[in-house]
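J.: Sequence and predicted model, in that order:
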Amino acid sequence: MKCKIVSVLLVVFSLLILLFEVLFVSADPVGPTISYKGNTTMNDSSAATMNYTGTGNIAGGYIYTANLNSNQKNPRWKAYVGNVTGTLVLQDAEGYSIYDWSIATALTGEVYATRSSTTISWSTIACATNSNVSNEMVALNHTNLNDNISTTFAESDNDQFVVGTTTIGQNTCNTTNLYVNGSAPTADEWEEVLLHDGDNMVYTAIIEQDLHGFDGNQSEANSTTYDFQLMLPEDGSATWASSTAYYFYVELT
(Lines give C-alpha, C1' and ligand atoms only; values in the text may rest on other atoms or scores of the structure.)
Protein backbone atom coordinates (compact mmCIF):
# COMPACT_ATOMS: atom_id res chain seq x y z
CA MET A 1 0.00 0.00 0.00
CA LYS A 2 2.78 2.44 0.87
CA CYS A 3 4.50 1.76 -2.48
CA LYS A 4 1.29 2.57 -4.35
CA ILE A 5 0.86 5.81 -2.41
CA VAL A 6 4.46 6.84 -3.14
CA SER A 7 4.01 6.03 -6.83
CA VAL A 8 0.83 8.10 -7.04
CA LEU A 9 2.49 11.02 -5.28
CA LEU A 10 5.45 10.88 -7.69
CA VAL A 11 3.10 10.94 -10.68
CA VAL A 12 1.16 13.91 -9.24
CA PHE A 13 4.42 15.72 -8.44
CA SER A 14 5.67 15.15 -11.98
CA LEU A 15 2.42 16.51 -13.43
CA LEU A 16 2.66 19.58 -11.22
CA ILE A 17 6.22 20.23 -12.46
CA LEU A 18 5.06 19.90 -16.08
CA LEU A 19 2.11 22.21 -15.45
CA PHE A 20 4.41 24.76 -13.79
CA GLU A 21 6.72 24.73 -16.81
CA VAL A 22 3.83 25.19 -19.26
CA LEU A 23 2.28 28.05 -17.32
CA PHE A 24 5.50 30.00 -16.85
CA VAL A 25 7.16 29.75 -20.28
CA SER A 26 7.11 33.25 -21.81
CA ALA A 27 6.95 33.90 -25.54
CA ASP A 28 10.26 35.73 -25.98
CA PRO A 29 11.44 36.91 -29.41
CA VAL A 30 13.15 34.20 -31.47
CA GLY A 31 15.79 34.08 -34.16
CA PRO A 32 14.21 33.93 -37.65
CA THR A 33 15.19 32.07 -40.81
CA ILE A 34 16.54 34.72 -43.19
CA SER A 35 16.17 34.67 -46.99
CA TYR A 36 18.28 37.33 -48.69
CA LYS A 37 16.65 39.09 -51.64
CA GLY A 38 19.48 41.45 -52.69
CA ASN A 39 20.86 44.89 -51.92
CA THR A 40 21.16 48.28 -53.57
CA THR A 41 22.85 51.64 -53.06
CA MET A 42 22.88 55.02 -54.77
CA ASN A 43 25.18 55.61 -57.74
CA ASP A 44 28.12 57.95 -57.33
CA SER A 45 27.72 61.12 -59.37
CA SER A 46 30.30 62.20 -61.92
CA ALA A 47 32.05 65.55 -61.63
CA ALA A 48 29.93 68.67 -62.27
CA THR A 49 31.16 71.15 -64.85
CA MET A 50 31.58 74.74 -63.65
CA ASN A 51 33.19 76.42 -66.64
CA TYR A 52 29.99 77.59 -68.29
CA THR A 53 27.06 79.81 -67.32
CA GLY A 54 23.88 80.72 -69.12
CA THR A 55 25.46 83.87 -70.46
CA GLY A 56 28.74 82.44 -71.77
CA ASN A 57 32.05 80.90 -70.77
CA ILE A 58 33.53 81.65 -67.35
CA ALA A 59 36.52 83.77 -68.24
CA GLY A 60 39.55 84.63 -66.16
CA GLY A 61 39.55 87.80 -64.11
CA TYR A 62 36.09 87.30 -62.64
CA ILE A 63 34.83 86.09 -59.25
CA TYR A 64 31.88 83.74 -59.57
CA THR A 65 29.48 82.87 -56.78
CA ALA A 66 27.93 79.40 -56.76
CA ASN A 67 26.01 77.20 -54.33
CA LEU A 68 26.81 73.49 -54.28
CA ASN A 69 24.36 70.79 -53.23
CA SER A 70 25.39 67.14 -52.86
CA ASN A 71 23.51 63.98 -51.84
CA GLN A 72 26.16 61.54 -50.64
CA LYS A 73 25.74 57.98 -49.38
CA ASN A 74 26.24 57.69 -45.63
CA PRO A 75 28.72 54.90 -44.72
CA ARG A 76 27.86 55.24 -41.01
CA TRP A 77 24.39 53.70 -41.46
CA LYS A 78 22.80 50.76 -43.28
CA ALA A 79 19.21 49.57 -43.61
CA TYR A 80 17.20 46.39 -43.95
CA VAL A 81 13.68 46.14 -45.38
CA GLY A 82 11.50 43.14 -46.10
CA ASN A 83 8.52 41.02 -45.21
CA VAL A 84 7.76 38.73 -42.28
CA THR A 85 6.01 35.36 -42.33
CA GLY A 86 5.60 32.81 -39.58
CA THR A 87 3.38 30.67 -37.42
CA LEU A 88 2.41 30.45 -33.78
CA VAL A 89 3.20 26.93 -32.57
CA LEU A 90 2.96 24.57 -29.64
CA GLN A 91 6.27 22.75 -30.07
CA ASP A 92 8.72 20.77 -27.98
CA ALA A 93 12.50 21.14 -27.78
CA GLU A 94 12.97 18.55 -30.57
CA GLY A 95 10.90 20.58 -33.04
CA TYR A 96 7.76 18.45 -32.93
CA SER A 97 4.52 20.46 -33.04
CA ILE A 98 1.23 19.40 -31.56
CA TYR A 99 -0.54 22.33 -33.26
CA ASP A 100 0.22 25.56 -35.11
CA TRP A 101 -1.60 28.64 -36.36
CA SER A 102 -0.61 30.34 -39.61
CA ILE A 103 -0.56 34.14 -39.51
CA ALA A 104 -2.11 35.28 -42.78
CA THR A 105 -3.78 38.50 -41.63
CA ALA A 106 -3.35 41.03 -38.83
CA LEU A 107 0.41 40.43 -38.63
CA THR A 108 1.78 42.39 -35.66
CA GLY A 109 4.97 42.34 -33.64
CA GLU A 110 8.55 43.57 -33.83
CA VAL A 111 11.84 42.89 -35.58
CA TYR A 112 14.92 43.27 -33.36
CA ALA A 113 18.61 43.62 -34.21
CA THR A 114 21.61 43.71 -31.89
CA ARG A 115 25.38 43.54 -32.16
CA SER A 116 25.50 40.95 -29.38
CA SER A 117 26.08 37.34 -30.44
CA THR A 118 24.90 36.14 -27.02
CA THR A 119 21.29 35.73 -25.96
CA ILE A 120 19.46 38.96 -25.11
CA SER A 121 18.00 39.19 -21.61
CA TRP A 122 14.40 39.85 -22.61
CA SER A 123 13.27 39.90 -18.99
CA THR A 124 15.29 43.09 -18.37
CA ILE A 125 14.45 44.87 -21.64
CA ALA A 126 13.59 48.57 -21.37
CA CYS A 127 13.97 51.85 -23.21
CA ALA A 128 17.61 52.75 -23.80
CA THR A 129 18.83 55.48 -21.45
CA ASN A 130 20.94 58.49 -22.45
CA SER A 131 23.92 56.66 -20.96
CA ASN A 132 23.16 53.57 -23.06
CA VAL A 133 23.02 55.71 -26.21
CA SER A 134 26.28 57.48 -25.34
CA ASN A 135 28.06 54.18 -24.75
CA GLU A 136 26.76 52.82 -28.07
CA MET A 137 28.06 55.88 -29.90
CA VAL A 138 31.49 55.43 -28.33
CA ALA A 139 31.54 51.73 -29.26
CA LEU A 140 30.66 52.53 -32.89
CA ASN A 141 32.70 55.73 -33.20
CA HIS A 142 29.61 57.81 -33.93
CA THR A 143 31.17 61.22 -33.33
CA ASN A 144 29.55 63.19 -36.17
CA LEU A 145 26.89 65.45 -34.65
CA ASN A 146 24.94 65.57 -37.92
CA ASP A 147 24.08 61.87 -38.08
CA ASN A 148 25.07 60.11 -34.86
CA ILE A 149 22.70 57.76 -33.03
CA SER A 150 21.47 60.42 -30.63
CA THR A 151 20.68 62.85 -33.45
CA THR A 152 18.97 60.17 -35.53
CA PHE A 153 16.77 58.90 -32.67
CA ALA A 154 15.97 62.34 -31.30
CA GLU A 155 12.22 61.88 -30.77
CA SER A 156 10.36 60.13 -27.93
CA ASP A 157 6.99 59.49 -29.56
CA ASN A 158 6.77 55.70 -29.81
CA ASP A 159 3.49 53.80 -29.62
CA GLN A 160 3.02 51.35 -26.74
CA PHE A 161 4.06 47.76 -27.52
CA VAL A 162 5.00 44.57 -25.66
CA VAL A 163 8.35 42.73 -25.73
CA GLY A 164 7.98 39.23 -24.30
CA THR A 165 6.13 40.01 -21.08
CA THR A 166 7.39 43.62 -20.76
CA THR A 167 5.22 46.56 -21.77
CA ILE A 168 7.09 49.48 -23.38
CA GLY A 169 5.08 52.58 -22.57
CA GLN A 170 3.94 55.18 -25.07
CA ASN A 171 6.28 58.14 -25.68
CA THR A 172 9.07 56.72 -23.49
CA CYS A 173 11.86 55.63 -25.87
CA ASN A 174 14.27 57.21 -28.32
CA THR A 175 12.41 56.88 -31.63
CA THR A 176 12.72 57.67 -35.32
CA ASN A 177 10.40 57.13 -38.29
CA LEU A 178 11.77 55.70 -41.52
CA TYR A 179 10.73 57.10 -44.89
CA VAL A 180 7.87 56.40 -47.28
CA ASN A 181 8.44 57.03 -51.01
CA GLY A 182 11.75 58.74 -50.28
CA SER A 183 10.37 61.27 -47.77
CA ALA A 184 9.55 61.47 -44.08
CA PRO A 185 6.14 59.88 -43.43
CA THR A 186 3.19 62.14 -42.74
CA ALA A 187 1.58 59.52 -40.48
CA ASP A 188 3.10 57.93 -37.38
CA GLU A 189 4.37 54.80 -39.13
CA TRP A 190 7.58 52.82 -39.64
CA GLU A 191 8.70 53.43 -36.06
CA GLU A 192 12.14 52.31 -34.94
CA VAL A 193 12.87 52.35 -31.20
CA LEU A 194 16.03 52.02 -29.10
CA LEU A 195 15.77 49.34 -26.38
CA HIS A 196 18.43 47.98 -24.02
CA ASP A 197 18.68 44.84 -21.86
CA GLY A 198 21.25 46.25 -19.43
CA ASP A 199 24.21 45.11 -21.54
CA ASN A 200 23.20 45.42 -25.19
CA MET A 201 21.46 47.91 -27.45
CA VAL A 202 18.47 46.40 -29.26
CA TYR A 203 17.28 48.25 -32.37
CA THR A 204 13.56 47.62 -32.70
CA ALA A 205 11.34 47.99 -35.77
CA ILE A 206 7.58 47.87 -35.27
CA ILE A 207 6.02 45.58 -37.89
CA GLU A 208 3.67 47.36 -40.32
CA GLN A 209 1.92 44.74 -42.46
CA ASP A 210 2.02 45.38 -46.22
CA LEU A 211 2.65 49.12 -46.05
CA HIS A 212 4.41 51.22 -48.67
CA GLY A 213 8.01 51.73 -47.63
CA PHE A 214 10.97 53.88 -48.61
CA ASP A 215 10.54 53.12 -52.33
CA GLY A 216 6.76 52.78 -52.39
CA ASN A 217 4.25 55.27 -53.74
CA GLN A 218 0.88 55.38 -52.01
CA SER A 219 -0.83 56.35 -55.28
CA GLU A 220 0.45 53.29 -57.19
CA ALA A 221 -1.61 50.15 -56.70
CA ASN A 222 1.27 47.81 -57.59
CA SER A 223 3.93 49.67 -55.61
CA THR A 224 6.25 47.66 -53.34
CA THR A 225 5.09 47.06 -49.77
CA TYR A 226 6.97 45.77 -46.74
CA ASP A 227 6.37 44.51 -43.22
CA PHE A 228 9.48 46.02 -41.67
CA GLN A 229 12.08 48.73 -42.24
CA LEU A 230 15.11 48.84 -39.94
CA MET A 231 18.09 51.21 -39.97
CA LEU A 232 21.29 50.21 -38.14
CA PRO A 233 24.49 52.10 -37.36
CA GLU A 234 27.77 51.05 -38.93
CA ASP A 235 31.21 51.79 -37.45
CA GLY A 236 31.80 55.51 -37.99
CA SER A 237 35.61 55.41 -38.11
CA ALA A 238 37.03 57.23 -41.14
CA THR A 239 39.25 54.23 -41.91
CA TRP A 240 36.59 51.54 -41.35
CA ALA A 241 36.35 49.30 -44.42
CA SER A 242 34.54 46.24 -43.05
CA SER A 243 30.97 45.59 -41.83
CA THR A 244 29.39 45.25 -38.40
CA ALA A 245 27.48 42.01 -37.80
CA TYR A 246 23.96 42.20 -36.40
CA TYR A 247 21.84 39.38 -34.98
CA PHE A 248 18.11 39.41 -35.68
CA TYR A 249 15.09 38.34 -33.64
CA VAL A 250 11.38 38.40 -34.48
CA GLU A 251 8.37 38.49 -32.17
CA LEU A 252 4.93 37.82 -33.60
CA THR A 253 1.86 38.72 -31.56
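T.: That came in fine, so what should we check first? It should be emphasised that the depicted structure is a prediction, and the values quoted were computed from it without experimental measurement.
J.: Tell me where the model's unsure across the protein.
T.: For the chain, applying pLDDT under 70 flags the ranges 1-26, 51-58, 221.
J.: Show me the helices in it, by range?
T.: Remark: helices assigned in the chain by DSSP state H are 2-23, 130-139, 149-152.
J.: Tell me how far the shortest one lies from the chain's centre.
T.: Yep, that's helix 149-152 we're talking about. 15 Å (C-alpha atoms, centre = their mean, to the nearest Å).
J.: just checking, what packs against it?
T.: Helices and strands touching helix 149-152, by 3 or more C-beta pairs under 8 Å, 6 or more residues apart in numbering; DSSP states H and E, are helix 130-139. The C-beta positions use only the backbone N, C-alpha and C, and glycine is treated the same way.
J.: Going by neighbour count, list what's buried in the helix it packs on.
T.: Residues of helix 130-139 classed as buried: N132, V133, E136, M137 (neighbour count, 16 or more other C-beta atoms under 10 Å).
J.: List the contacts of that helix.
T.: Contacts with helix 130-139, where a contact means C-beta atoms under 8 Å, 6 or more residues apart in numbering, come from 115, 128, 142-143, 148-150, 153, 174, 194, 196, 201, 233.
J.: Separate out the buried members of those.
T.: By neighbour count, with 16+ other C-beta under 10 Å, those hold R115, A128, H142, N148, I149, F153, N174, L194, H196, M201, P233 as buried.
J.: Which single one of those is nearest to N39?
T.: Among the buried ones among the contacts of helix 130-139, P233 lies closest to N39 (C-beta to C-beta), at 17.2 Å.
J.: Just give the closest residue to that closest one, not the sequence neighbours.
T.: L140 (5.2 Å; C-beta to C-beta, 6 or more residues apart in numbering).
J.: you'd agree the one you found is up against D235?
T.: Yes. Counting by C-beta atoms under 8 Å, L140 touches D235, with 5.5 Å between them.
J.: if I look at L90, how far off is Y99?
T.: Distance, L90 to Y99, using C-beta to C-beta, to the nearest Å: 5 Å.
J.: Just give the nearest non-adjacent residue to D197, would you?
T.: Distances taken as C-beta to C-beta, 6+ apart place S121 nearest to D197, at 4.3 Å, with adjacent residues excluded.
J.: The residue nearest to Q218 when sequence neighbours are not counted: how many residues sit nearby?
T.: Using C-beta to C-beta, 6+ apart and skipping residues adjacent in sequence, the residue nearest Q218 is H212, 5.4 Å away. Neighbour count for H212, taken as other C-beta atoms under 10 Å: 20.
J.: Could you do L252 as well?
T.: 18.
J.: Would you mind measuring from the nearest residue to it once chain neighbours are set aside to A27?
T.: Residue nearest to L252 in three dimensions, not counting chain neighbours: G109, with 4.3 Å by C-beta to C-beta, 6+ apart. Between G109 and A27 the distance is 10 Å, computed by C-beta to C-beta.
J.: Which of the two has more residues huddled nearby?
T.: Between G109 and A27, counting by other C-beta under 10 Å, G109 is the more crowded of the two (22 against 13).
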